[in-house]
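# here is a sequence together with a model predicted from it:
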Amino acid sequence: MIRLCDILFSLIGLLLFSPLFLIVALWIVLDDPGPVCYRQQRVGKNGKDFGLLKFRSMRVGADKMSLITIGDRDPRVTRAGYYIRRYKLDELPQLWNVLTGDMSLVGPRPEVRRYVDLYTEEQRRILSVRPGITDYASIEYIDENRLLAQSENPDQTYIEQIMPAKIALNMRYINHQTVSEYLRIILLTGCKIIR
């Protein structure tokens, strides 16, 4: 049933947001030379890699410097990218990932291989489900970039504090995957973004 909801909602979302897709794409092109979308290898269900799509919000090659974004004004983020990230518009192309089955609307956010390799056996349980666009951890850590900006060692803070806390929140959904919980998380996410 959840997969059926994913297909239905992602199709509706792609159709409904298509004018916004065009506006954001034009904004990116006018602001900074380079491609409109960015594809990054992430780890999905059963540990399988897939290409996660995002609207490009950073300068080309920015991911070579660091895999995490630090603060609202990370110098790698473009002018348009600041607003695209702030209002989570960069995540919209992932509706395609949902439609193709690499992701779900709701599920643990997919990580890059570097961080997945650090998971304990218990933490690897999150790889038993499709990764998602949103989850309890996304709602709780909506200001994650700001938290990392306050750290002297953002990578260490992410690995030792934020990542384990997010995985613990992910387990709430993994242990209670129902359509009502799925819809509740989508509603909570929408409310959090609007706020």
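Structure's in. What do you need?
# dump the helix or strand of the chain with the lowest mean pLDDT to PDB, restricted to CA.
The weakest-scoring helix or strand in the chain, judged by mean pLDDT, DSSP states H and E, is helix 144-149 (a mean of 81). The C-alpha trace of helix 144-149 is given here as PDB (Å, rounded to 0.1, in the frame of the first residue of the first chain):
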ATOM      1  CA  GLU A 144      21.300  20.500  11.000                       C
ATOM      2  CA  ASN A 145      23.500  22.800   8.900                       C
ATOM      3  CA  ARG A 146      23.300  25.500  11.600                       C
ATOM      4  CA  LEU A 147      24.200  22.900  14.300                       C
ATOM      5  CA  LEU A 148      27.200  21.800  12.400                       C
ATOM      6  CA  ALA A 149      28.300  25.400  11.900                       C
END
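# right, and the helix or strand after that helix?
helix 154-157 (DSSP states H and E).
# just the CA atoms of the very next helix or strand once past that next one, as CSV, please.
Tracing the chain C-terminally past helix 154-157 and defining elements by DSSP H and E, one meets helix 163-174 next. Provided in CSV are the C-alpha atoms of helix 163-174 (Å, rounded to 0.1, in the frame of the first residue of the first chain):
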residue,chain,number,x,y,z
MET,A,163,24.1,10.5,12.8
PRO,A,164,23.4,8.2,15.7
ALA,A,165,20.5,10.4,16.9
LYS,A,166,19.0,10.5,13.4
ILE,A,167,19.3,6.7,13.1
ALA,A,168,17.5,6.3,16.4
LEU,A,169,14.6,8.5,15.1
ASN,A,170,14.6,6.4,11.9
MET,A,171,13.9,3.3,13.9
ARG,A,172,10.6,4.7,15.1
TYR,A,173,9.3,4.6,11.6
ILE,A,174,11.0,1.3,10.7
